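Peer 1: All I have is the shape, not the residue letters:
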């Protein structure tokens with residue numbers, strides 16, 4: 001049987017981190033002809049990840065522009081990928097998660113009647129506007145896709161509830177695979193990170209950037225973080241600030257000038273994972289960090305009203321903090337003052353993977369295309 005020609009399409013930093021180990025896995029297997037197409041929905045942050053994993057894309061749509069809108073991204077990816085698909089003629093297109101790139105790429109492949117495989121399938125909040133636009137993106141990708149690579153059993157059940165019952169493979173999350181490449185010996189390249197005192201300070205890594213938190217929710221989050229920094233002399237907060245102008249302005253206005261809050265430039269995947277590995281705990285409104293931090297034994301406070309990753313809440317690695325200043329402050333204070341609570345979260349079992357999601361996906365593709373008669377076993381934490 002000739003190699004299965006698989007095209008991976010991604011365009012943002014989170015997608016790239018989670019697709020990179022899958023690309024490397026498929027690339028080194030003779031059963032696959034693996035090619036990568038990037039949209040560059042996030043140009044610089046994407047390029048940082050590509051450099052970390054030494055990936056050189058076969059196609060680059062380079063769609064990013066100042067002030068880009070969701071409509072612009074969707075139409076640009078849809079139009080640009082149409083020509084790429086006609087030229088490359090892949091047997092399968094793999095998209096990841098819930099970005100606008102992933103949705104537009106899945107739709108473009110469908111228009112060309114090319115099967116779509118959805119990596120990180122089945123996550124749901126069941127609120128179409130939270131997270132926005134990701135919840136609707138991933139639901140629509142689920143309807144388009146023929147193959148569904150669900151990180152957890154709960155994700156698979158979500159698909160079943162939507163009458164998606166065939167070609168579902170429970171694989172774990174590829175981000176755990178990625179951390180085999182990124183954490184390494186934990187040393188930093190960044191001068192700023194090397195200057196932070198990790199020996200006598202308890203470092204809290206923070207991220208905050210989601211659209212649904214713009215306005216009062218984000219300001220409430222930042223007020224809580226400022227209170228934490230001002231209440232504990234032995235704490236340092238490290239916040240790689242997202243490139244969004246709104247996020248940057250708000251962060252500088254509310255957190256700038258506080259001596260033990262470090263507002264730094266966005267980090268590449270390697271530096272971010274190494275920062276997390278040295279941190280005391282994580283505060284975030286990100287989706288991916290809810291999966292990554294537990295693999296490092298770090299408690300996570302999620303600064304959102306809901307999460308599409310309830311498995312971590314159930315396992316006890318994540319606490320849903322919401323966006324209330326007082327609640328966020330109180331939960332952070334507990335982790336800083338109550339060792340029992342901290343240890344319970346830090347030692348909980350990570351429900352998202354064992355670092356073998358990519359081999360499972362590879363085997364699932366071979367099984368689906370008739371190159372392997374044995375269906376891969378589902379991941380169970």
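Peer 2: Received it, and whenever you're ready, just let me know what you need. Here the structure is a predicted model, which is why all the values come from computation and not from measurement. Residues are numbered from 1 along each chain as shown.
Peer 1: Can you verify residue 83 is assigned to a helix?
Peer 2: Yes - judged by DSSP: H, G, I helix; E, B strand; the rest coil, residue 83 forms part of a helix.
Peer 1: and residue 306, what does it touch?
Peer 2: Residues near residue 306 by CB atoms under 8 Å, 6 or more residues apart in numbering: 125, 127, 130, 320. From N, CA and C alone the C-beta is placed, and that goes for glycine too.
Peer 1: Likewise for residue 222?
Peer 2: When contacts are counted by CB under 8 Å, 6+ apart, residue 222 touches 208, 250, 251, 254, 255.
Peer 1: Could you measure from the first one over to residue 182?
Peer 2: The one in question is residue 208. According to CB to CB, to the nearest Å, residue 208 and residue 182 sit 22 Å apart.
Peer 1: So this structure: which segments form each domain?
Peer 2: 4-173+354-368, 191-346 (automatic domain parsing).
Peer 1: got the buried residues for the strand or helix carrying residue 16?
Peer 2: Using DSSP states H and E, residue 16 maps to helix 13-27. Using 16 or more other CB atoms under 10 Å as the test for burial, helix 13-27 gives 13-26.
Peer 1: Nearest approach to residue 379 belongs to which of the domains of the chain?
Peer 2: domain 4-173+354-368 (4.0 Å; CB to CB).
Peer 1: Can you measure across that closest one, start residue to end residue?
Peer 2: 11 Å (CA to CA, to the nearest Å).
Peer 1: What sits closest to the residue nearest the centre of the chain if chain neighbours are left out?
Peer 2: Nearest to the mean C-alpha position of the chain, by CA atoms, centre = their mean, lies residue 288 at 3.2 Å. Excluding the flanking residues, the one nearest residue 288 by CB to CB, 6 or more residues apart in numbering is residue 14, at 4.9 Å.
Peer 1: follow-up on the earlier one: if I pick the residue nearest to the centre of the chain, what's in contact with it?
Peer 2: Residue 288 neighbours (CB under 8 Å, 6+ apart): 14, 17, 18, 175.
Peer 1: Repeat that for residue 152.
Peer 2: 122, 170, 172, 173, 311, 351, 352, 379, 381.
Peer 1: Walking through this structure, point out its strands one by one.
Peer 2: 4-10, 32-38, 59-60, 92-96, 116-119, 147-150, 168-170, 202-207, 235-240, 261-264, 281-284, 300-302, 318-320 (DSSP state E).
Peer 1: related to what we said a few turns ago, may I ask which two of the contacts of residue 288 are separated the most?
Peer 2: 14 and 175, at 8.5 Å, using CB to CB across the contacts of residue 288.
Peer 1: separation between residue 29 and residue 246?
Peer 2: 43 Å.
Peer 1: actually residue 358, not the one I typed
Peer 2: 35 Å.
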